[in-house]
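Participant: I'd like to go over a predicted model; first the sequence, then the structure.
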Amino acid sequence: MSSKAKSPTISSDFDLDLDDNSILNATAAPQGMAVQKVTSVDLGDFSDFENGIEAITPQSEDFVKVLFYGPNGTGKTTIAGSFPDPIIFDINERGTRVLSTPDGRIKKRAVDEFEMLVQGFWYLKSGKHPFKTVILDNITTLQEVAMRYIMNKEADFDLSKDLDMPTKRDWGGLSQVLKRWLIDFRNLPMNVVFIAQERRDKDEDIESDEASVFPQVTPSVRGILGAAVDVIGRTYVTETLDPNTGKAKTKFCLRVAPGPKYLAKIRLPSGASTPNSLVNPRYESLVKIMNGGYQPKGEKVNEQQS
């Protein structure tokens, strides 16, 4: 009589939370928060894995992950504020006045130090909060905050370090820190909005065919974050003449269709379509398009963007 073969196992004794002295990890999980420890994996029982398999439908994709970028004053923060139950991590931006309301519906937290950003992540990760959306405003200035953190950490071990002159090692550390923590924010079980300033590849007018426009972050961060979000939208303002009053009418727009000059994208169901740009965009209009609800009407938004 043969006995049933025992399923092979993979054993390890590593913590998923890494060395809290590492610049990459910045800050360990707060005291009292469980850190998962992997001890063994049974390669003969996949029931737990199979129970987690689900169909992909518009309803199953509960949270929206977006990156908005554009010139100052073109509505990035305003669009973000239309997302449900948001908290804004105000990263040295101080541009949240446009979202003020008498009832103080929208909340913010000033983030002046990188350690505060990390603490904010663990606060949201705990789930003990009323928010459905987190807005990082903005990740361009976050680069400066993170670089200051990295250089100060280096100076703790090198008293001769010049805090005004980042080294190649510092820039490498910046990319690693930002990629790790921005993806951690992206993976939170809530809507996540990243806001960035914009950068042009040349000092030319935006109308120039030679100019490329994209978020003002390091290339490595732009690459990994651009792939991780559902929407990359560029905000801009255009003016049209009201035929009834003869006065100029301002429209706040969000470009979501990719093009040769602007970095943009929106994830859609198979066979669905999207406009090049949305006029006065809101959370609801974005979700409608992402769920395949856009019906072309032949409208054309002025692409002469400011």
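Facilitator: Structure received. Here the structure is a predicted model, which is why all the values come from computation and not from measurement.

Participant: contacting residues around Ala248?
Facilitator: Neighbouring residues of Ala248 by C-beta atoms under 8 Å, 6 or more residues apart in numbering: Glu239, Thr240, Leu241, Asp242. C-betas here are computed from N, CA, C, even on glycine.

Participant: cool, and Asn191?
Facilitator: Phe63, Val64, Lys65, Phe83, Pro84, Pro86, Lys132, Thr133, Val134, Tyr283.

Participant: Which of those fall in helices?
Facilitator: Using DSSP state H, the subset of the contacts of Asn191 located in helices is Tyr283.

Participant: Filter the contacts of Asn191 down to the buried ones.
Facilitator: The neighbour count (16 or more other C-beta atoms under 10 Å) marks Val64, Lys65, Phe83, Pro86, Thr133, Val134, Tyr283 as buried among those.

Participant: Any figure for the gap between the fifth one and Asp162?
Facilitator: Spelled out, that is Thr133. Distance of Thr133 to Asp162, computed by C-beta to C-beta, to the nearest Å: 40 Å.

Participant: which one of the contacts of Ala248 has the most neighbours?
Facilitator: Per-residue neighbour counts (other C-beta atoms under 10 Å) across the contacts of Ala248 peak at Glu239, which has 13 neighbours.

Participant: does that one count as helix, strand or coil?
Facilitator: At Glu239 the chain is in strand, as set by DSSP: H, G, I helix; E, B strand; the rest coil.

Participant: and Ala228, how many residues sit next to it?
Facilitator: By other C-beta under 10 Å, neighbour count at Ala228 equals 17.

Participant: what residues are up against it?
Facilitator: The contact partners of Ala228, by C-beta under 8 Å, 6+ apart, come to Lys65, Ile183, Arg186.

Participant: next one: phi and psi at it?
Facilitator: phi -90, psi -20 (degrees, to the nearest 10).

Participant: and stretch 75-88, what's its mean pLDDT?
Facilitator: In this model, stretch 75-88 has a mean pLDDT of 94.

Participant: for the protein, what spans make up the strands?
Facilitator: Per DSSP state E, the chain carries strands over the ranges 9-11, 40-42, 65-69, 86-90, 107-110, 133-137, 191-196, 198-200, 213-215, 231-241, 248-255, 265-266, 277-279.

Participant: any chance of these in JSON lines, plus distance to Val118?
Facilitator: Below are the strands of the chain laid out as JSON lines (distance: least, C-beta to C-beta, whole Å):
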{"stretch": "strand 9-11", "distance to Val118": "31"}
{"stretch": "strand 40-42", "distance to Val118": "30"}
{"stretch": "strand 65-69", "distance to Val118": "20"}
{"stretch": "strand 86-90", "distance to Val118": "11"}
{"stretch": "strand 107-110", "distance to Val118": "13"}
{"stretch": "strand 133-137", "distance to Val118": "13"}
{"stretch": "strand 191-196", "distance to Val118": "16"}
{"stretch": "strand 198-200", "distance to Val118": "26"}
{"stretch": "strand 213-215", "distance to Val118": "22"}
{"stretch": "strand 231-241", "distance to Val118": "25"}
{"stretch": "strand 248-255", "distance to Val118": "30"}
{"stretch": "strand 265-266", "distance to Val118": "29"}
{"stretch": "strand 277-279", "distance to Val118": "34"}
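
Participant: Lowest average pLDDT across those?
Facilitator: Among the strands of the chain, strand 9-11 carries the lowest mean pLDDT, at a mean of 39.
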